[in-house]
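A.B. asks: Give me a model of this one.
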Amino acid sequence: MSYSIFLLRFRDGEVVGLDTERFRQMTEPYVAAGGPEEDFSRLRAEDGGEADVYHEAHGEHGMPCVTATHFAGGAMLGVLARLGASLGASIVPQDGGALIFHEDERRHLPADLQENAVVIAPPAGALQAAFDAR
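C.D. replies: Numbers count the residues shown, from 1 in each chain. I've put the predicted structure just below:
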């Protein structure tokens, strides 16, 4: 069974696009297969951990979502956390809740995610710690 996390950027409770070019810059060093132009990338971190990442650009509005599945712990969680922070995204695990990088992001989340959102900072190591605490 796979587990998914979603990188979503919210403004006033609504999903807004992620910066496609910033995504490309951040993931380029880790692409082992696929790539931004294919809407799928297999990323590989320096410790060999991988993640399948799905992303579809929608013109000038950017990507509505990045979905990561089949991801390894360790360095790959650091890559995904840095990617989320760089894109100004929240990390929303498939089983609910939201992980945010700054307290001021809470007010932009949809109402049902605000109360239980957890601030994870700094990104390096914070996502692993958040998953370990679940």
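A.B. asks: hey, which strand is longest across this structure?
C.D. replies: strand 4-11 (DSSP state E).
A.B. asks: Show me how far that strand is from its chain's centre.
C.D. replies: In terms of Cα atoms, centre = their mean, to the nearest Å, the centre of strand 4-11 is set 6 Å apart from its chain centre.
A.B. asks: What lies in contact with it?
C.D. replies: Strand 4-11 has contacts (Cβ atoms under 8 Å, 6 or more residues apart in numbering) with 15-18, 64-69, 71, 80, 83-84, 87-94, 105, 108-110. C-beta coordinates here come from the backbone N, C-alpha and C atoms, glycine included.
A.B. asks: Ala121 versus Leu7, what's the distance?
C.D. replies: 16 Å (Cβ to Cβ, to the nearest Å).
A.B. asks: in its sheet, what does the longest strand of the chain sit against?
C.D. replies: Sheet pairing for strand 4-11, assigned by DSSP bridges, gives strand 14-16 (antiparallel), strand 66-69 (antiparallel), strand 90-93 (antiparallel).
A.B. asks: Could you tell me which residues make contact with Ala129?
C.D. replies: Ile120.
A.B. asks: Can you tell me the SS state at it?
C.D. replies: helix (DSSP: H, G, I helix; E, B strand; the rest coil).
A.B. asks: Distance check, it against Ala81.
C.D. replies: Distance from Ala129 to Ala81, by Cβ to Cβ: 10 Å.
A.B. asks: Give the intersection of the neighbour lists for those two.
C.D. replies: Shared contacts of Ala129 and Ala81, counting by Cβ under 8 Å, 6+ apart, come down to Ile120.
A.B. asks: just checking, what packs against the longest helix seen in the chain?
C.D. replies: When the chain is scanned for its longest helix (criterion: DSSP state H), the result is helix 75-87. Counting by 3 or more Cβ pairs under 8 Å, 6 or more residues apart in numbering; DSSP states H and E, the packing neighbours recorded for helix 75-87 are strand 4-11, helix 20-27, strand 40-44, strand 50-55, strand 66-69, strand 90-93, helix 123-133.
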